[in-house]
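Student: Got a predicted structure here, sequence first:
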Amino acid sequence: MNWESVIGLEVHLQLATRSKIFSGSATTFGAEPNTQASAVDLAMPGMLPVLNAEAVHYAVKFGLGIGAEIGKRSIFDRKNYFYPDSPKGYQISQFEAPIVGEGRFEISLPDGSTRSIGITRAHLEEDAGKSLHEDYHGQSGIDLNRAGTPLLEIVSEPDIRNATEAVAYLKALHSLVTYLEISDGNMAEGSMRCDINISLRAQGSTTLGTRAEIKNVNSFRFVEKAIQHEIERQADILEDGGTIVQETRLYDAERDETRPMRSKEVANDYRYFPEPDLLPVVIDDAYIADIQRTLPELPTTKRHRFAEVYGLSNYDANVLADTRPLADYFEVVVGACNDAKIAANWVQVELLGQLNREQTSLAQCPVPAADLGGLIARILDGSISGKIAKQVFEAMWQGEGSADAIIEARGLKQVSDSGALEGIITEVIAGHPEQVQQFLEADEGRRKKLTGFFVGQVMKASKGQANPQMVNELLAKKLV
Amino acid sequence: MTITQDDIEKIAELARIRISGEEIGEVTQRITEILQMVDTLQAADTSNIEPMANPLDATQQLRADEVTELNRRDDFLAIAPAVEDGLFLVPRVIE
C-alpha cells in the first residue's frame, strides 16, 4: 500500500533576550553551572515571576512576521509535572490564550517550488534546566542556568508531508527568526529544538492515523533522518497489519534510530490552570503598530524581489536571501557592478565557496562587497578575463587591496592593444610552421579546430592576458 | 460531580502526595464534599460574565530586559543537601 505521512512540528525557539523571561538572571550560553540561576529560577519560597518586556516584544514580532492574529490578552498557565530540572514542579507556559494565534508562511523546496505551511499558534514559556547523568555516584547533577530562558513554542499545522518539507520548513523558520533578530538561531547551542509529530495514512485517505512524537531533535540533518526512520518503522508495522501506539520516542543519532522513551507509569496529564502569580498580558493596537513599523523586509518578500527585479532563478534567489547579511552583501555587489546575474554567480560560487573552504562566516569575510563588485566591473568592461579575475579574487582575499590595485600591481590587465597582440601572434605563427602548413591545407571545419590551437598558444604566450576575442579576429587575418 | 477512590489515587500520584490506605476513604469523602460545594457554584448563571484569569482586576506589568541578578551560587549550594562541581545532586533520573 502507498502511505502518506502527515507531519506537524513544534519548534522551541530560544529568544535572544539578555535576561530570563521571569527573572533578572543572565542567559549567556556556556556559563559555569548554576552561576546564572537566581532565587526565582531555583523556585525558592516566596519568589514571584516578573515578565520580561522584550520576550513579549519578540513574540509579537514573530506573530507579525507570519501574518498571525496577535493575542491582545494572553494568559500564562501552569503546566504541572515533576522533574528535577524544573524546580517549581511546573512550567509556566501559555495554554488557552497564547500570544500568537493562527498564521501561515511560505517555504521554498530544493526543486525551486514553494508551499504554504500553516502555523497553529505560538506561545511564550520558560525553558527547563539541564540534567547531567554522568558519574555523580549514581546521582544526577542539575544545572539550572537554562531554567527560565524565554522560549517561543511554534506549533505548525500537520501540513508537512515528508522529511524534505520538514527541513525546508525549519530552514525557512530559521531564516525568518534571524531576519527578525528575535533569536540567534544557533542550533548547536540548542536555540532551535524540534518535536516531530508524525503519523501515516493510506494515500488518499482524509482521516489521521495514530501519531508518534519524536522529542528534542536539534539539527536539520537529524530531523530529516528521524522522520525517514519513523516513516519506515510505522509503514513496516502497518504493512504487517499492526497498529501504531501513541507514544513519545527519542531519536538516537549514534544508532540512527528512534526508540520509545521509558514511559512514565501515568500518562501525561499536565493539569493546566491559570498561573496565579501572573496577570493577563494586555497589549494594544499602538504597541502592535510600533512593532509592525520595525519589521525588516522578510525572506519571502526578498526572495520574490530578487527573482523579479534581478531576474534570478528561484534557487539563486533562495540561497542569496537566506540570511540578511548575505542578501545585503549581494545587493552591494550588484550596486557596484550593475550585473545581477554575474554578481549572483560570483557570490554563490567564489565567495560562498571560499568561505566554506576556510570554514568561516560572512562576518569574517576579508573582501568587502563593494570590492567584489569592483572586480566584477573589471570583467564586464573587458579589463580582465574571468579566469584572471579568480586570481585577483584570491589576492583580494589575502588582503592585497582592491581589484584595480591588484590588476595594476601585478600587470594583469587584459592586452587589447592590437599592436602588442600582433607581435605575439607573429611569434606564435613563426614558431609553429608545421601547424601553419596543416591549417593552410585544411578544409573549413578543420580550420576552426586548428584556430583553437593558435588561440591557445597566444593565450599561453600572453600569460592569459590577451583579449581572446581580439586574438581570434587577428588570427583570422594573419593565417590566410 | 462524583469522584472515586481511583481518581484520588491518580491525582495523588501526579501531585506526588502520599495518602495511606487508611486515609484514602476519608480524603475521598472530604474532596467529594468540596466538589458538592463547587456544584452549587456551578449552578449560578454566569452566561453574561467573562471568565477571569486572575481575581485581581489588573494587567501584567513588564520589566525591562536587564540582568539584575548577581551570581549567588555559593549561597544556594550551601543550603542544598548534595552538591558537586557546582551542580545540585538529586536521585538519578533517566528518561
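Tutor: Cool, got the structure.

Student: Past the helix or strand containing A:Leu170, which element shows up next along the chain?
Tutor: Under the assignment given by DSSP states H and E, the secondary-structure element containing A:Leu170 is helix A:163-179. Following helix A:163-179 in sequence order, the next helix or strand is strand A:192-202 (DSSP H and E).

Student: re the thing from before, what comes up buried for the helix holding A:Leu170?
Tutor: Buried residues in helix A:163-179, counting neighbours by 16 or more other C-beta atoms under 10 Å in any protein chain shown, are found at A:163, A:165-179. In short, each C-beta sits where N, CA and C put it, glycine included.

Student: Name the nearest of the residues you listed relative to chain B.
Tutor: The shortest distance between chain B and any of these, using C-beta to the nearest C-beta, involves A:Val177 and amounts to 17.2 Å.

Student: The closest one: what's it in contact with?
Tutor: With contacts defined as C-beta atoms under 8 Å, 6 or more residues apart in numbering or on different chains, the neighbours of A:Val177 are A:Leu13, A:Phe62, A:Ser183, A:Gly185, A:Met192.

Student: Quick check: closest non-adjacent residue to the third one.
Tutor: Going back to what we said before, that points to A:Ser183. A:Val177 (4.6 Å; C-beta to C-beta, 6 or more residues apart in numbering or on different chains).

Student: Strands along chain B, start to end?
Tutor: B:62-63, B:83-84, B:87-91 (DSSP state E).

Student: Which positions in chain B make contact with chain A?
Tutor: Neighbours of chain A within chain B, by C-beta under 8 Å from any C-beta of the partner chain: B:10, B:13-16, B:53-54, B:56, B:58-69, B:71-73, B:76-77, B:82, B:84-95.

Student: how deep is residue 35 tucked in, by neighbour count?
Tutor: If you meant another chain, say so; for now it's chain A. Using other C-beta atoms under 10 Å in any protein chain shown, A:Thr35 has 18 other residues around it.

Student: other chain: chain B
Tutor: Around B:Leu35 there are 14 other residues, counting by other C-beta under 10 Å.

Student: wouldn't A:Glu189 be in contact with A:Ala16 here?
Tutor: No - counting by C-beta atoms under 8 Å, A:Glu189 does not reach A:Ala16; the two are 11.5 Å apart.

Student: pLDDT below threshold where in the stretch 51-200 of chain A?
Tutor: For the stretch 51-200 of chain A, no stretch has pLDDT under 70.

Student: Quick one: name the residues of it near chain B.
Tutor: Remark: the part of the stretch 51-200 of chain A in contact with chain B comprises A:51-56, A:75, A:80, A:82-84, A:89, A:97, A:131-133, A:136-144, using C-beta under 8 Å from any C-beta.

Student: residues contacting the residue nearest the centre of chain B?
Tutor: To find the centre residue of chain B, average its C-alpha atoms and take the closest one (C-alpha atoms, centre = their mean): that gives B:Ala15, at 7.2 Å. For B:Ala15, the contacting residues are A:Asn80, by C-beta under 8 Å, 6+ apart.

Student: State the distance from it to A:Ala461.
Tutor: If you measure B:Ala15 against A:Ala461 using C-beta to C-beta, to the nearest Å, the figure is 89 Å.

Student: Which strands or helices does the longest helix along chain B pack on?
Tutor: In chain B, with assignment by DSSP state H, the single longest helix is helix B:21-42. Helices and strands touching helix B:21-42, by 3 or more C-beta pairs under 8 Å, 6 or more residues apart in numbering or on different chains; DSSP states H and E, are helix B:5-14.

Student: Please state the backbone phi and psi of the residue lying farthest from the centre of chain B?
Tutor: Seen from the C-alpha centroid of chain B, the residue lying at the greatest distance (C-alpha atoms, centre = their mean) is B:Asp85, 31.0 Å away. Note on B:Asp85: its backbone torsions stand at phi 50, psi 40 [degrees, to the nearest 10].

Student: isn't it right up against A:Ile142?
Tutor: No - here B:Asp85 lies out of contact with A:Ile142, judged by C-beta under 8 Å, at a distance of 11.2 Å.

Student: Which parts of the stretch 251-400 of chain A are strands?
Tutor: Under the criterion DSSP state E, counting those that start in this stretch, the stretch 251-400 of chain A contains strands at A:257-260, A:273-274, A:281-282.

Student: so of those strands, which one's packed in deepest?
Tutor: For those, ranked by mean neighbour count under the definition mean count of other C-beta atoms under 10 Å in any protein chain shown, the leader is strand A:281-282 at a mean of 18.

Student: Can you tell me which residue of the stretch 351-480 of chain A sits closest to chain B?
Tutor: Checked against chain B (C-beta to the nearest C-beta), the nearest residue in the stretch 351-480 of chain A is A:Ala363, 23.9 Å away.
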